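Asker: A predicted structure for the sequence below; I have some questions about it.
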Amino acid sequence: MLEAINLTKKYGQHTALNSLNLNIGEGEIFALLGQNGAGKTTTINLFLGFIEPTSGEARINGISVAEHPQEIKQYLAYIPETVMLYPNLTGIENLEYFSALAGFDYSKNELRGLLATAGLQSQAFDQKLAGYSKGMRQKVGIAIAVAKKAKILLLDEPTSGLDPKASNEFSEIIKTLAAQGTAILMATHDIFRAKEVASRIGIMKEGTLQSVIDAASISANELEALYLKTV
């Protein structure tokens, strides 16, 4: 579903991403670990088409992102570290607006069902986003992704700033989406959350993917030791 082929991004003499080769299939959660500046967000932005590669190619469902930037949007949903929604609208109004933008027309009951599936408490459906916690806003973001029938979910530091309960709830939701066939790429600093949810884990340093690990083959402590040794 996501493929990087010698994907490279340079800014002058600085190489933000260096010849990345990566494949992520249906139902897989791939976690990118690395310090700030390692190339994680650059990778996500290249898949989203927010920036153009210097060389190489990013593909979504076999389609070149650079050549077909509009076509690939039908497959994608993106949840950044801070989910950008309308604070003066309620949760259900935000979901209705963004799903309509994607071409979907849901009834109020269907919208409520989508928010419930994303784990949002029912009493929050009709509350304005201005009063939502970060975890609640992310659940609306997940509901929007489900409403759009996105086959691919891109997450940039999704658990940053969440308390342990909200972080665990978020992890359970994305594991459920993966079990339903969604391909997920998650950039994160959270070593233990990556170990908990990911199928495979990549460690990046200075724009280069240093190693890729099968999450089931390594303990959290071993992963932490490898990460610290790498970065």
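Answerer: Yep, it's here.

Asker: Show me where this protein has its helices.
Answerer: When assigned using DSSP state H, the helices of the chain occupy the ranges 40-48, 91-101, 108-117, 134-147, 164-179, 191-197, 220-230.

Asker: Could you list every helix and strand in contact with the second one?
Answerer: Spelled out, it's helix 91-101. Applying 3 or more Cβ pairs under 8 Å, 6 or more residues apart in numbering; DSSP states H and E, we find helix 91-101 packed against helix 108-117, helix 134-147. Where you see a C-beta, it was placed from the backbone N, CA and C, and this is true even at glycine.

Asker: Kindly report the same for the first one.
Answerer: Here helix 40-48 is seen to pack against strand 2-11, strand 14-24, strand 29-33, strand 55-60, strand 76-79, strand 152-156, strand 183-188 when contacts are counted using 3+ Cβ pairs under 8 Å, 6+ apart.

Asker: orientation of the first one relative to strand 152-156 in degrees?
Answerer: Orientation of strand 2-11 against strand 152-156 (axes from the mean of the first three to the mean of the last three Cα atoms, to 10 degrees) gives an angle of 40 degrees.

Asker: Neighbouring strands - and their directions - for strand 2-11?
Answerer: Strands adjacent to strand 2-11 in the sheet, as given by DSSP bridges, are strand 14-24 (antiparallel), strand 55-60 (antiparallel).

Asker: So what touches the shortest one?
Answerer: When you say that, I think you mean strand 55-60. Among residues not part of strand 55-60, those counted as contacts by Cβ atoms under 8 Å, 6 or more residues apart in numbering are 1-8, 19-20, 46-47, 49, 64-66, 72, 75-76, 152.

Asker: Convert the helix or strand bottoming out on mean pLDDT in the chain to PDB, retaining C-alpha atoms only.
Answerer: Of all the helices and strands that make up the chain, helix 164-179 has the lowest average by mean pLDDT, DSSP states H and E, namely a mean of 87. Listed in PDB are the C-alpha atoms of helix 164-179, where the atom choice follows Å, rounded to 0.1, in the frame of the first residue of the first chain:
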ATOM      1  CA  PRO A 164      -1.100   6.600  29.600                       C
ATOM      2  CA  LYS A 165      -4.800   5.800  29.500                       C
ATOM      3  CA  ALA A 166      -5.500   7.900  26.300                       C
ATOM      4  CA  SER A 167      -2.300   6.600  24.700                       C
ATOM      5  CA  ASN A 168      -3.400   3.000  25.400                       C
ATOM      6  CA  GLU A 169      -6.900   3.700  24.000                       C
ATOM      7  CA  PHE A 170      -5.400   5.200  20.800                       C
ATOM      8  CA  SER A 171      -3.100   2.200  20.400                       C
ATOM      9  CA  GLU A 172      -6.100  -0.200  20.600                       C
ATOM     10  CA  ILE A 173      -8.000   1.800  18.000                       C
ATOM     11  CA  ILE A 174      -5.200   1.700  15.500                       C
ATOM     12  CA  LYS A 175      -4.600  -2.000  16.100                       C
ATOM     13  CA  THR A 176      -8.300  -2.600  15.300                       C
ATOM     14  CA  LEU A 177      -8.000  -0.600  12.100                       C
ATOM     15  CA  ALA A 178      -5.000  -2.600  11.100                       C
ATOM     16  CA  ALA A 179      -6.900  -5.800  11.800                       C
END
